[in-house]
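Novice: Quick one, structure for this:
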Amino acid sequence: CEGEGEGEGEGEGEGEGEGEGEGEPLDTDGDGVPDATDPSPSDPCVPNGNALVCPSGDTDGDLTPNSTDASPSDPCVPNGDAIACATGDADGDLIPNGTDPSPGNPCDPDPASAACLGGGQDQFCTGQGPAVNVNDGSGQAQCTGQIAQDAFQFAVCACTSIVQGGSQLLTDSFDSRVGPQGGQPPGTDGHVGTNDQLVMGFSRNPQFTVGGALRVGGRINVKPNSSVAREIYADGDVESCGMVSGEGFINGDFIAGTILDDLVIDTSINTVTGTVGPPGVVVPGVVPSLDPCPCDAGELIDIVGISTNGATQNDNDNPAFATLVDPTIYTNPSIESAADPLVLQCGRYYISSIAQDSLTIRATGRTVVFVGADIVVNSLNIEVVDGAEVDLFVAGDVITQSASRLGDQLHPAAVRTYIGGNVVFSANTILGGNVYAPNADISFGAQLDVFGSLFVSSVRFSGNSTVHFDSAIREAGSACPPSEG
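Specialist: Model prediction:
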């Protein structure tokens with residue numbers, strides 16, 4: 001009996017001693033990691049920077065540091081719409097974060113949600129909301145400034161042909177943010193591009209003076225006294241290019257002309273009889289075939305879709321501006337609307353069509369105008385006050401029959417016109433903006449000075465013509481919120 005008692009006493013003593021020692025591992029910093037395995041046992045933020053006891057961490061993922069979070073383990077406190085909060089709505093699209101496939105994107109899953117389309121007029125006018133929802137399949141809203149920056153990369157870009165019927169076509173560039181065009185030395189940002197050949201085989205063989213790069217999706221044959229300030233690209237033979245100050249990239253024979261910088265050409269199949277350098281040299285290499293202007297169906301801006309979208313997503317019902325409560329006020333050609341000029345404060349406006357003797361649209365802020373069909377007028381004037389900008393999306397044709405002024409020669413980058421149909425400008429039209437009309441074959445009937453740029457199907461210049469590209473358009477998207485760029 002005595003032996004049994006001693007055995008029981010020893011078992012109880014050993015069991016209790018071992019249990020107490022294993023249940024209380026030392027954790028000096030309270031981060032849940034025992035000192036024995038903690039690489040920094042006195043730092044609560046190591047090894048886990050989001051441990052509950054780490055003041056700079058964010059345990060619940062609500063972007064509020066633990067030290068200032070009233071409930072650091074609850075992602076819905078203090079912000080009930082934090083992305084980490086399953087019941088919140090971070091992007092404002094009325095779909096809870098827990099079931100929203102992209103809780104930070106108001107255009108996913110519904111690109112027609114009010115949040116995706118920019119919310120109210122106040123949000124848009126403070127630069128916080130997108131102007132339009134571009135129906136490109138991505139469901140992502142885009143700022144008009146970014147659309148313009150992407151669309152206008154050339155002084156002249158033609159999906160098919162550029163025809164110069166006068167004796168000279170000249171392009172150069174300036175920056176309207178610096179000052180007027182006449183007060184600056186001519187810049188070399190006035191690029192010219194065409195997806196067709198650039199060949200003048202008629203009785204007139206005009207001179208091309210390109211103050212930028214020349215990129216041609218076919219062969220080149222222009223007057224020998226032509227010049228190109230920067231590089232030249234040809235997807236075909238260069239029979240005559242004049243003087244090129246930059247590099248050459250030719251997918252064909254280089255027959256005549258001078259390229260001062262290096263020429264890249266596949267010498268295994270193409271010949272070089274033109275002049276290269278000095279200091280440039282011939283660099284053997286394959287030059288890919290490409291179209292300089294983005295004219296494929298998938299690359300074009302959906303102008304009709306944008307205009308259609310504008311019919312329901314606009315600020316026409318703004319109680320402080322009642323002029324366009326009825327968007328049909330300009331549709332009857334026999335009744336001239338009293339709302340001329342149409343002075344628009346910041347906002348997005350829809351007009352079903354315009355058929356008037358004349359109309360002046362004057363923008364006083366960040367303005368977008370959607371036209372659901374054609375503009376057919378004798379005279380059309382688009383004006384902007386200092387600091388304003390206007391984007392005009394026209395689903396149909398634009399036809400003017402007498403003196404018109406589209407834009408501001410001092411600030412061309414602020415005026416952007418997108419046309420889904422054809423374009424007919426009168427001979428004495430003044431262009432002070434950027435025109436995107438990929439389905440239009442435009443013919444100018446007289447000498448022309450363009451301040452801005454042209455993106456068209458084709459263009460014919462009948463007289464001596466100059467295009468002054470406004471380089472400020474290259475930064476038009478810089479003012480867009482990050483989510484819109």
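Novice: Which positions in stretch 240-253 come out as buried?
Specialist: By 16 or more other C-beta atoms under 10 Å, the buried positions in stretch 240-253 come out as 240-242, 244, 246-253. Any C-beta I mention is one placed from the backbone N, CA and C, and that applies to glycine too.
Novice: And the lowest mean pLDDT element among the helices and strands of this protein?
Specialist: helix 2-22 (a mean of 46; mean pLDDT, DSSP states H and E).
Novice: returning to that earlier point: okay, the buried residues of stretch 240-253 in CSV with distance to residue 383 next?
Specialist: Converted to CSV, those look like this (distance: C-beta to C-beta, whole Å):
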residue, distance to residue 383
240, 43
241, 40
242, 39
244, 39
246, 38
247, 41
248, 43
249, 41
250, 44
251, 45
252, 46
253, 50
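Novice: can you pull out the helices in the stretch 101-250 of the chain?
Specialist: 121-125, 144-151 (DSSP state H, counting those that start in this stretch).
Novice: Which other helices and strands does the last one contact?
Specialist: What it means is helix 144-151. If contacts are counted by 3 or more C-beta pairs under 8 Å, 6 or more residues apart in numbering; DSSP states H and E, helix 144-151 sits against strand 389-394, strand 415-419, strand 434-444.
Novice: average pLDDT across it?
Specialist: For helix 144-151, the mean pLDDT works out to 89.
Novice: same thing with the shortest one?
Specialist: In this model, helix 121-125 carries a mean pLDDT of 60.
Novice: tell me which residues form a beta bridge with residue 232?
Specialist: Note on residue 232: beta-bridge partners by DSSP bridges are residue 214, residue 248.
Novice: Tell me the spacing between it and residue 447.
Specialist: Using C-beta to C-beta, to the nearest Å, residue 232 is found at 26 Å from residue 447.
Novice: Settle it for me: which of the two has more neighbours?
Specialist: Using other C-beta atoms under 10 Å as the criterion, residue 232 and residue 447 rank with residue 232 on top: 26 against 14.
Novice: show me what contacts the more buried one?
Specialist: Applying C-beta atoms under 8 Å, 6 or more residues apart in numbering, we find residue 232 in contact with 213-216, 220, 238, 241, 244, 246-250, 259.
Novice: Tell me the pLDDT of it.
Specialist: In this model, residue 232 is scored at 97, pLDDT.
Novice: is it true that residue 413 touches residue 469?
Specialist: No - Residue 413 is not in contact with residue 469 according to C-beta atoms under 8 Å; the separation is 9.6 Å.
Novice: hey, what's in contact with both of the two?
Specialist: Common contacts of residue 413 and residue 469, defined by C-beta under 8 Å, 6+ apart, comprise residue 452.
Novice: Between the two, which is the more surrounded one?
Specialist: Using other C-beta under 10 Å, the more surrounded residue of residue 413 and residue 469 is residue 469, with 34 against 28.
Novice: May I have the residues that are in contact with that one?
Specialist: 154-155, 171-174, 187, 189-191, 212, 452-453.
Novice: and if we set it to 6 Å?
Specialist: 155, 173, 189-190, 453 (C-beta atoms under 6 Å, 6 or more residues apart in numbering).
Novice: Compare the residues you listed and tell me which is most surrounded.
Specialist: Highest neighbour count within those: residue 453, with 30 neighbours (other C-beta under 10 Å).
Novice: Where does the prediction get shaky in the stretch 201-350 of the chain?
Specialist: Counting by pLDDT under 70, the stretch 201-350 of the chain has low-confidence residues at 201-205.
Novice: can you map out the strands along the stretch 201-350 of the chain?
Specialist: In the stretch 201-350 of the chain, strands defined by DSSP state E, counting those that start in this stretch lie at 207-210, 214-216, 220-221, 227-228, 232-234, 238-240, 243-244, 248-250, 258-259, 263-265, 275-276, 282-284, 342-344, 347-351, listed in chain order.
Novice: can you list the residues that contact the last one?
Specialist: So the one you mean is strand 347-351. Contact with strand 347-351 is made by 121, 310-311, 314-316, 324, 327, 368-371, as judged by C-beta under 6 Å, 6+ apart.
Novice: chain center to it: distance?
Specialist: A distance of 20 Å separates the centroid of the chain from that of strand 347-351, by C-alpha atoms, centre = their mean, to the nearest Å.
Novice: what's the very next helix or strand once past it packed up against?
Specialist: Remark: after strand 347-351, the chain's next helix or strand is strand 354-363, criterion DSSP states H and E. Judged by 3 or more C-beta pairs under 6 Å, 6 or more residues apart in numbering; DSSP states H and E, strand 354-363 is in contact with strand 342-344, strand 375-384.
Novice: Please identify the deepest-packed of these.
Specialist: Among these, strand 375-384 has the highest mean neighbour count (mean count of other C-beta atoms under 10 Å), at a mean of 21.
Novice: for that one, what is the average pLDDT?
Specialist: The model assigns strand 375-384 a mean pLDDT of 94.
Novice: again, but for stretch 414-421
Specialist: Confidence over stretch 414-421 (mean pLDDT, whole number) is 96.
Novice: buried sites along stretch 348-360?
Specialist: So for stretch 348-360, counting by 16+ other C-beta under 10 Å, buried means 348-356, 358-359.
Novice: could the residues you listed go into CSV alongside distance to residue 45?
Specialist: Converted to CSV, these look like this (distance: C-beta to C-beta, whole Å):
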residue, distance to residue 45
348, 48
349, 54
350, 55
351, 59
352, 62
353, 64
354, 64
355, 69
356, 69
358, 70
359, 65
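Novice: Need the max-distance pair from those residues.
Specialist: 348 and 358 (23.8 Å; C-beta to C-beta).
Novice: Check the gap between the closest residue to residue 366 other than its chain neighbours and residue 406 for me.
Specialist: Spatially, and ignoring its direct neighbours in sequence, residue 366 is nearest to residue 346 (4.8 Å; C-beta to C-beta, 6 or more residues apart in numbering). Remark: distance between residue 346 and residue 406 (C-beta to C-beta) = 21 Å.
Novice: neighbour count winner among the two?
Specialist: Neighbour totals were compared for residue 346 and residue 406, and residue 406 leads with 25 against 19 (other C-beta under 10 Å).
Novice: from the contacts of residue 232, which is closest to residue 299?
Specialist: Ranked by distance to residue 299 (C-beta to C-beta), the contacts of residue 232 are led by residue 215 at 15.5 Å.
Novice: Give me the neighbour count for the closest one.
Specialist: 25.
Novice: and the gap between it and residue 232?
Specialist: 8 Å.
Novice: Check residue 462 too.
Specialist: In terms of C-beta to C-beta, residue 462 sits 26 Å off from residue 232.
Novice: do the same with residue 161
Specialist: Distance of residue 161 to residue 232, computed by C-beta to C-beta: 18 Å.
Novice: what's the answer for residue 189, then?
Specialist: 16 Å.
Novice: Could you do residue 455 as well?
Specialist: Relative to residue 232, residue 455 is positioned 20 Å away (C-beta to C-beta).
Novice: cool, and residue 214?
Specialist: Note on residue 214: its distance to residue 232, by C-beta to C-beta, is 5 Å.
Novice: circling back to that earlier point, compile the contacts of strand 347-351 into TSV and extend it with columns for neighbour count and distance to residue 200.
Specialist: Output for those, formatted as TSV (neighbours: other C-beta atoms under 10 Å; distance: C-beta to C-beta, whole Å):
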residue	neighbour count	distance to residue 200
121	19	50
310	26	41
311	15	44
314	21	46
315	23	48
316	19	48
324	22	47
327	19	46
368	26	39
369	25	38
370	28	39
371	26	36
